[in-house]
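Student: Quick one, what's the 3D model for this:
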Amino acid sequence: MASPDCSATPLRGLAGIAVDHLTVGYNGRPAVVDVTLSLQEGSICGLVGMNGAGKSTLFKALMGFLQPSSGSIRIAGCSLRKAQRRQMVAYVPQSEQVDWQFPISVWDVVMMGRYGSMNLLRWPGSDDRQRVQRALERVDLWPLRERQIGALSGGQRKRAFLARALAQGAGVQLLDEPFSGVDINTERLIIDLLIELRDQGATVLIATHDLESIPSFCDRVVLINRTVLAYGDTSEVFTQANLLRTFTATPSSYAPG
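Tutor: Predicted structure coming up:
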């Protein structure tokens, strides 16, 4: 069967993320090894593993920040490079990866999600401004749009970067520990929004240590410790035995994420 054509609007049922025998690392030393998985459109997948197991490394590879030493990544049938050009992947980073002292407003942070759709001068049009406003309203940050990003609370910061991802309008959403340091109301808002995105056909991959909430909103789960230990429907994979295996093995000391 021929591979589907890469298109700006992929067909329903096409894998939003397809990773095939991926190995990637730092300075020639692998951090994730021989990872293969396929995440369908219209699904939420939890990425679960201890610190140092390779979750953040996998995200960086999916974003094109790290070059694989072997294997491949396709986004909605596209090469990763083409998917990047088409702004098909949005990323919500860990808080530790952000310079909160940088003098930029909440509005400007969210507008960054529109940069890939603008011309070289990055001058926003009315559609860009409308999308940013809708994204800020969706995460309850519209009244704080002029505030400096570092002046927000931990939960508000998470919501600002989630709004940036929403404004981008990508079909694939990657979230790295979005529940870390947030209150229960923000966690609920994020979960509700992810479910809404899934129902609209998005592919959502979320790394989280909040194991209790996973069965409530994740359709599938990937258990990782430098390689995929188990992957499939949450009801089948998210078991005590699999979690024990995931969190008792010792990841390599040189795996940064």
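Student: contacting residues for Pro195?
Tutor: Quick fix: residue 195 reads Ile, not Pro. Ile44, Phe217 (CB atoms under 8 Å, 6 or more residues apart in numbering). The C-beta positions use only the backbone N, C-alpha and C, and glycine is treated the same way.
Student: and it, backbone torsions?
Tutor: phi -60, psi -40 (degrees, to the nearest 10).
Student: can you tell me how far it sits from Ala90?
Tutor: Distance, Ile195 to Ala90, by CB to CB, to the nearest Å: 17 Å.
Student: Next: Ala170.
Tutor: Ala170 is 4 Å from Ala90, by CB to CB.
Student: repeat for Arg122
Tutor: In terms of CB to CB, Arg122 sits 17 Å off from Ala90.
Student: Show me which of these two is the more surrounded one.
Tutor: Ala90 (25 against 13; other CB atoms under 10 Å).
Student: per-residue pLDDT, the more buried one?
Tutor: On pLDDT, Ala90 comes in at 92.
Student: Now do the SS call for it.
Tutor: Following DSSP: H, G, I helix; E, B strand; the rest coil, we place Ala90 in the strand state.
Student: Just want the most central residue of this protein.
Tutor: Closest to where the C-alpha atoms of the chain average out (CA atoms, centre = their mean) is Leu174, at 0.7 Å.
Student: From what I see, it and Ala90 are in contact.
Tutor: Yes: checked against CB atoms under 8 Å, the pair Leu174 and Ala90 is within contact range at 7.0 Å.
Student: Show me the shaky parts of the stretch 101-250 of the chain.
Tutor: Across the stretch 101-250 of the chain, the ranges flagged by pLDDT under 70 are 119, 249-250.
Student: hey, where'd the strands end up in the stretch 51-200 of the chain?
Tutor: 70-75, 78-79, 89-92, 172-176 (DSSP state E, counting those that start in this stretch).
Student: and the direction of the longest one versus that of strand 172-176, what angle?
Tutor: If you take axes from the mean of the first three to the mean of the last three CA atoms, to 10 degrees, strand 70-75 sits at 120 degrees to strand 172-176.
Student: Let the chain start at 119 from now.
Tutor: Shifting the count to begin at 119 puts that one at strand 188-193.
Student: So in that sheet, which strands flank strand 188-193, and in what orientation?
Tutor: Strand 188-193 pairs in its sheet with strand 133-144 (antiparallel), strand 196-197 (antiparallel), by DSSP bridges.
Student: Beyond the first one, next helix or strand please.
Tutor: Which is strand 133-144. As assigned by DSSP states H and E, the chain's next helix or strand after strand 133-144 is strand 147-158.
Student: now that following strand against strand 188-193, angle please.
Tutor: Using the same axes, to 10 degrees: strand 147-158 against strand 188-193 is 30 degrees.
Student: could I get strand 147-158 in CSV with only the CA atoms?
Tutor: The C-alpha trace of strand 147-158 is given here as CSV (Å, rounded to 0.1, in the frame of the first residue of the first chain):
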residue,chain,number,x,y,z
ARG,A,147,26.0,8.8,23.4
PRO,A,148,22.4,7.6,23.0
ALA,A,149,19.7,8.9,25.4
VAL,A,150,16.7,7.1,23.8
VAL,A,151,17.3,3.9,21.8
ASP,A,152,15.2,2.1,19.1
VAL,A,153,11.9,3.9,19.9
THR,A,154,9.0,2.9,17.7
LEU,A,155,5.5,4.2,18.2
SER,A,156,2.5,5.5,16.2
LEU,A,157,0.0,8.0,17.6
GLN,A,158,-3.2,8.5,15.7
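Student: Against which helices or strands is it packed?
Tutor: strand 133-144, helix 173-180, strand 188-193, strand 321-325, strand 338-342, strand 346-351 (3 or more CB pairs under 8 Å, 6 or more residues apart in numbering; DSSP states H and E).
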